[in-house]
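Pasted the sequence and its predicted model underneath.
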Amino acid sequence: MQKQNIIEEQNIRIEQVNTNVEVPIQERQKEEKHLEKCVKIIKQNIEDYLQKYKEVNEETKELYDNYRSNNPELHNDLVIGLDMKSKMERTLDKNLLALKKPYFGRIDYKEVDDKENYSLYLGKNGIRKNTSENMIIDWRAPISSVYYDSDIGESSYQTPFGDRIDILLNLKRTYEISESKLIDYYDSDVIANDEFLTKYLSKNKEVVLGEIIATIQKEQNEIIRDTPWHSVIVQGVAGSGKTTVAMHRISYILYNYKEKFRPDEFFIIGSNKMLLNYITGVLPNLDVYNVNQMTMEEFLLSLLDKDFDLKKGKYTLGNSFLKLRPVTQSKEATQLKRFKGSIHFIKALMVYMKQYEINTVFTESVQYDHKVLYSKDEILYFLNFFEDKPLQEKIDLLNKRLTYKVASINEEDLKRKEEIKTEVNKYKNYFGNRNKKFNLMEVYIDFLGDMMNNRQRYLDNKIPVPGGDVINYLLQELQQKKIDLYDLGMLTYIKRRLKMTKDFDYVNHIVIDEAQDFGVMLFHLFKQLFKTCTYTIMGDVSQNIYYDTGMNDWEALKQEVFLPEKDRFYVLAKSYRNTVEISDFASNVLKKCSFKTYDIEPIIRHGKEVTATKAADEQQMVTDAVEMIQEVQKAGYDTIAIICRTVEETLKVKDLLKAYIAIEHLEDDIETITFTNGVMVLPIHMTKGLEFDAVVLWNPDEDSYHSSDEDAKLLYVAITRALHELHIIYQGELSGLLQ
């Protein structure tokens, strides 16, 4: 009731402003006429583009029918035709989408320099009235930043290339439009920003997602529009819009810097397939196509390509070090997890690979005809100077340089031309064969052995390596053909240092969501693999569910991987997801932790109190859960999650509930399911980055969740998935973290 009262009071206030005065009535009529005009033009655009699309489609079909692979001119025409068809499809889609809601905002302003008045309408996509006139401005255009950042009065905006334009903003208006009809509009000097947000956030999840572009906040917009020439790291509390910001940032960069960035050079990396499908589903609506979307494991395997075949090697790839089980693990396993996730792991390999190169290349001075052609110091200098080049290429360059020196000594002796050629050929593989084969796993295992046998080498380089028992533990895992993403990361670095390959050449920008779940080792690895790449990194250290391997703070990433003087670190503290009741409940869990947390500033949106229901037995838990879910559905909410701790518990609960309610996924392979409306039963680690109208937290008792930092982070994640309602069902004693 409290939530409903806030919305009703707000609507009354807006209605009074818009209807009690004659001018607003006239203004509304003007707005309705303008909308009608826009809709009419968009309909005409759709007709025109449909006709053009049919023509291009027929031409392309004819080219296909007459295609001959040995005719380059015909092939060229076909490629051009397909490209035109694709562009026409997208333009048509933009206009079809714009028909229902052409725009969401308007700004009236005057440029200080030329005094000319402008009135611009902003939409999800730019729509043209004709070839030379824009009717609706794209939200990504530089001028659109005024809508997100500025208050009425003096302001400015920047072009993508840093030029500042000073303006005087006279009006900032937001529209509610549905099915081509004006429902309402709100001016920024009439309704407060948080009140406007509350109106949208009170709706169910699907409606909220449809209004994201209209509700981007100033602090979010700053990140979206930050230059792509440096990396961006964002610490954002649960519900702060991190993922939304990341997807919009991709769209913004590709729109404004299309000359420098191609979609196929962008990589979005997530922790699981369901999260990736969920977060990238909005990309077509943001006019983004053909970007790469992979889990971290898939990305690393794609870089390894044919140089490491899991199936051929019969390796088992899994979360052997990332399993979510409430069990005690050995001291060696804990130490290994922490070492693998740390920057020391990859730095140790970097030290080893430097020595490996020296041992592989013959570095003693080269003498010819009683003269030193190539001194040892020169060879070592060469290896160091071209440090970023792979060993195969270094060997090739060294051989070519040596043969050139031999040839140069004899270049004036024309009588011995054939003898000299034979002499030169003797040195063409002096430093090794450029096509030398390398077994990546063998090199990796040798590295692990070197850490045990030559420990002092690493300590001299200020790298604290673990004891032999810990390294032996890893060697045993590898002998049993068990491998994880940190092992894959090490293999990619070995490949990069040894092989001439193009597998690392087409990565220009990497977006990593839920970044805190990955150890800093992987980020340092990427900086070595892709020297010119930039990054958008989104995460929340309070949500690191892989406590020993992931990141529990940002310091190592900020200070040792990225450049504090160049790269940007942002904090998003305001949460737009949860009601105040849910947000306060989550904050109380974090207060019981010892690690650094970031304060949550919730939007003032009230809802139901969090409920905790104790059941006598398992069957009672099932009965209570079914009743809760049915009540939530009656309230009009259609995305509901029952969140369990482990995969095993998830499968069991799903089987218990499916006899009473419709469960949207019935397959047992949890990792392959996709996000959908309805009721889902999920383990905590699969809910990362997702949100639901309502959540039922299943049996968070004292046995499953101890009073530890690690378990507090798990519960914090589960709690903050809920937009509107959170219900807890348990047996026995409730976890102390929730009391």
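The structure has been received and is ready for your questions.

Can you give me the neighbour number for the residue nearest to residue 179 when sequence neighbours are not counted?
The shortest distance from residue 179 to any non-neighbouring residue, by CB to CB, 6 or more residues apart in numbering, is to residue 100 (5.7 Å). Quick note: C-beta positions are derived from backbone N, CA and C, even for glycine. With neighbours defined by other CB atoms under 10 Å, the count for residue 100 comes to 14.

again, but for the one 10 residues further on
The burial count assigned to residue 110 is 15, neighbours taken as other CB under 10 Å.

Secondary structure element for it, which one?
strand 105-111 (DSSP states H and E).

what's that strand packed up against?
Secondary-structure packing of strand 105-111 (3 or more CB pairs under 8 Å, 6 or more residues apart in numbering; DSSP states H and E): strand 117-123, helix 145-149, strand 164-178.

Highest mean neighbour count out of these?
helix 145-149 (a mean of 21; mean count of other CB atoms under 10 Å).

thinking residue 143 is in contact with residue 137, fair?
Yes: the pair residue 143 / residue 137 is scored as a contact, 6.5 Å apart, by CB atoms under 8 Å.

Name the residue in the two with the higher neighbour count.
residue 137 (23 against 18).

wait, is the more buried one part of a helix?
No: Residue 137 sits outside any helix when classified using DSSP: H, G, I helix; E, B strand; the rest coil, being strand.

Show the contacting residues for it.
120, 121, 122, 123, 126, 143, 144 (CB atoms under 8 Å, 6 or more residues apart in numbering).

ok, the last one to residue 228 distance?
Read that as residue 144. 17 Å (CB to CB, to the nearest Å).

any idea of the angle the strand holding residue 110 forms with strand 164-178?
In terms of direction (axes from the mean of the first three to the mean of the last three CA atoms, to 10 degrees), strand 105-111 departs from strand 164-178 by 160 degrees.

ok, residues contacting the host helix or strand of residue 404?
Per DSSP H and E, residue 404 falls inside helix 391-409. The contact list for helix 391-409 (CB under 8 Å, 6+ apart) reads 357, 360-361, 366, 368-369, 371, 373-374, 379, 382-383, 386, 389, 420, 423-425, 427-436, 497-500.

With stretch 453-473 instead?
330, 332-333, 335-336, 339, 344, 347-348, 351, 355, 448, 450-452.

Which of the contacts of helix 391-409 are buried, as a ChimeraX select command?
Selecting only the buried entries of these in ChimeraX, with 16 or more other CB atoms under 10 Å as the criterion:
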select :357,360,361,366,368,373,374,379,382,383,389,420,423,424,427,429,430,431,432,434,497,498,499
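
Restricted to helices, list the contacts of helix 391-409.
Those of those mapping onto helices are 357, 360, 379, 382, 383, 420, 423, 424, 425, 497, 498, per DSSP state H.

so who does the last one touch?
When the contact criterion is CB under 8 Å, 6+ apart, the partners of residue 498 are 390, 391, 392, 438, 440, 443.

quick one: low-confidence parts of this protein?
Low-confidence segments of the chain (pLDDT under 70): 1-23, 67-71, 189-211, 319-328, 410-417, 420.

Give me the three-state assignment for the residue lying closest to residue 575 once chain neighbours are set aside.
Nearest residue to residue 575, sequence neighbours excluded (CB to CB, 6+ apart): residue 239, at 3.9 Å. Under the three-state scheme (three-state DSSP), residue 239 adopts coil.

was I right about residue 239 contacting residue 580?
No: Residue 239 is beyond contact range of residue 580, at 11.9 Å (criterion: CB under 8 Å).

More neighbours: those two, which one.
More crowded of residue 239 and residue 580, by other CB under 10 Å: residue 239, with 25 against 16.

Could you tell me the phi and psi values at residue 426?
phi -60, psi -20 (degrees, to the nearest 10).

From residue 361, how far out is it?
Counting by CB to CB - residue 426 and residue 361 are separated by 18 Å.

just so I have it, where are all the helices in the stretch 501-650 of the chain?
Using DSSP state H, counting those that start in this stretch, the helices found in the stretch 501-650 of the chain span residues 520-529, 555-556, 580-590, 618-634, 647-657.

Tell me the helices and strands packed up against the fourth one.
If contacts are counted by 3+ CB pairs under 8 Å, 6+ apart, helix 618-634 sits against strand 611-614, strand 639-644, helix 647-657, strand 692-698, strand 722-730.

7 Å instead, please
The contact analysis (3 or more CB pairs under 7 Å, 6 or more residues apart in numbering; DSSP states H and E) places helix 618-634 against strand 639-644, helix 647-657, strand 692-698, strand 722-730.

Export only the CA atoms of it, formatted as CSV.
What follows is helix 618-634, C-alpha atoms only, in CSV (Å, rounded to 0.1, in the frame of the first residue of the first chain):
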residue,chain,number,x,y,z
GLU,A,618,10.8,-30.5,4.1
GLN,A,619,7.3,-31.1,3.0
GLN,A,620,6.1,-28.0,4.9
MET,A,621,8.8,-26.0,3.1
VAL,A,622,7.4,-27.1,-0.2
THR,A,623,3.9,-26.2,0.8
ASP,A,624,4.9,-22.8,2.0
ALA,A,625,7.0,-22.1,-1.1
VAL,A,626,4.1,-23.0,-3.4
GLU,A,627,1.8,-20.7,-1.5
MET,A,628,4.3,-17.8,-1.6
ILE,A,629,4.9,-18.2,-5.4
GLN,A,630,1.2,-18.3,-6.1
GLU,A,631,0.7,-15.1,-4.1
VAL,A,632,3.5,-13.4,-6.0
GLN,A,633,2.0,-14.4,-9.3
LYS,A,634,-1.4,-13.0,-8.3
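
Done for today, thanks.
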